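>>> pasted the sequence and its predicted model underneath.
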Amino acid sequence: MKLFCLLYYTSVCLKLVLVKANAKEFKSIQTTGSTRALQSKNTTDVDSASKIECALLCLSNRQCCLASFSKGTCRIDNSEKCDIGTETINGWTTIRRNIYHITPQLKDCSELPPGTSSGVYDITPVNGSTISVFCEMDTGNGGWTTIQRRFDGTVDFYRFWDDYKAGFGVIAGEHWLGNDNLHAILRQRSYQVRFDLEDYSGNTAYAIYSAMYVGDESTNYTLSLTGYAGTAGNAMVDNNGNPMNGMMFTTRDRNNDISTPYECGNRKKSGWWHASCT
Ligand SMILES: [Ca+2]
């Protein structure tokens with residue numbers, strides 16, 4: 001029996017908890033009419049069939065903050081500056097990229113280019129401090145920021161509230177990223193979450209929720225989960241039919257579950273958004 005798998009459901013090991021920014025917000029642009037970027041050493045004029053193609057050219061380049069389009073020409077600015085000057089000129093449209101997406105620091109793993117290897121990277125959430133995270137680039141098209149990783153039982157997850165708050169373990173190995181870090185990531189924009197599970201027979205399954213949010217410590221890190229898809233069926237619902245959605249976080253020393261008389265943080269030997277302990 002894989003004892004390290006004992007978590008939430010006695011027959012299931014929760015190996016990975018991963019979050020990723022929802023793509024539709026990742027590539028956001030704004031357009032303004034009758035303006036063109038001033039020509040400079042950082043601008044390049046290229047042929048382009050449409051305003052959309054011009055916008056995509058800019059989005060595919062990490063240095064591009066804005067681009068202008070008119071009649072088959074796309075002017076790309078690669079200065080990494082968003083305050084570049086524009087001139088008023090009929091027939092041109094300027095496409096401005098969301099400033100969020102051109103800052104040099106990674107806000108989460110979804111900003112890594114496709115093809116990047118899985119591994120440890122530094123990210124800096126907006127209004128947060130820089131943290132090391134494990135970016136999972138091989139699962140589900142990549143771009144996932146790892147919240148939990150368990151695979152060999154080398155790290156003890158039977159820990160206290162302050163451990164789960166700050167995070168513990170080894171980022172390159174088994175770990176919990178930390179509830180404050182999770183909140184700092186999720187408050188930036190809209191995120192999906194993926195849970196990867198494995199049972200004692202080696203069968204794997206996953207659950208994806210298209211929207212996930214975790215409140216700050218004043219809410220006891222209350223979880224919001226909606227939009228299920230995947231192969232895990234109702235695995236994220238406990239045996240009494242209680243969903244994780246809406247639960248507060250519980251640890252061995254903080255009982256926020258809905259079970260009476262049990263304390264799930266002790267009974268399940270792990271911190272989690274426990275409902276009842278079944
Ligand atoms: Ca209880």
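All right, it came through fine. For clarity, every value in this text was computed on a predicted model and none was experimentally measured.

>>> ranges for the strands of the chain?
Counting by DSSP state E, the chain has strands at residues 12-21, 29-37, 43-47, 66-70, 73-77, 86-97, 119-123, 131-136, 144-149, 168-169, 175-176, 191-199, 204-214, 223-230.

>>> what residues does the fourth one touch?
Strand 66-70 is contacted by residues 35-37, 48, 50-51, 54-55, 57-58, 74-77, 82, 84, 86, 89, 91-97 when judged by CB atoms under 8 Å, 6 or more residues apart in numbering. C-beta here means a position set from N, CA and C on the backbone, and glycine is covered the same way.

>>> those, buried ones only, as a PyMOL selection?
In PyMOL, this line selects whichever of the contacts of strand 66-70 come out buried by 16 or more other CB atoms under 10 Å:
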select buried, resi 35+36+37+48+51+54+55+57+58+74+75+76+77+84+86+92+93+94+95+96+97
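
>>> still on that earlier bit, between the strands of the chain, which one is closest to residue 271.
Across those, residue 271 has its closest neighbour in strand 175-176 (7.5 Å, CB to CB).

>>> the closest one packs against which elements?
Contacts defined by 3 or more CB pairs under 8 Å, 6 or more residues apart in numbering; DSSP states H and E place strand 175-176 against strand 144-149, strand 168-169.

>>> which residues touch the shortest one?
Right, the one you point to is strand 168-169. In this structure, residues lying in contact with strand 168-169 by CB under 8 Å, 6+ apart are 149, 155, 159, 175-176, 178.

>>> before we move on, what about the first one?
For strand 144-149, the external contacting residues (CB under 8 Å, 6+ apart) are 14-20, 108-110, 123, 133-137, 169, 173-177, 182, 185, 193-194.
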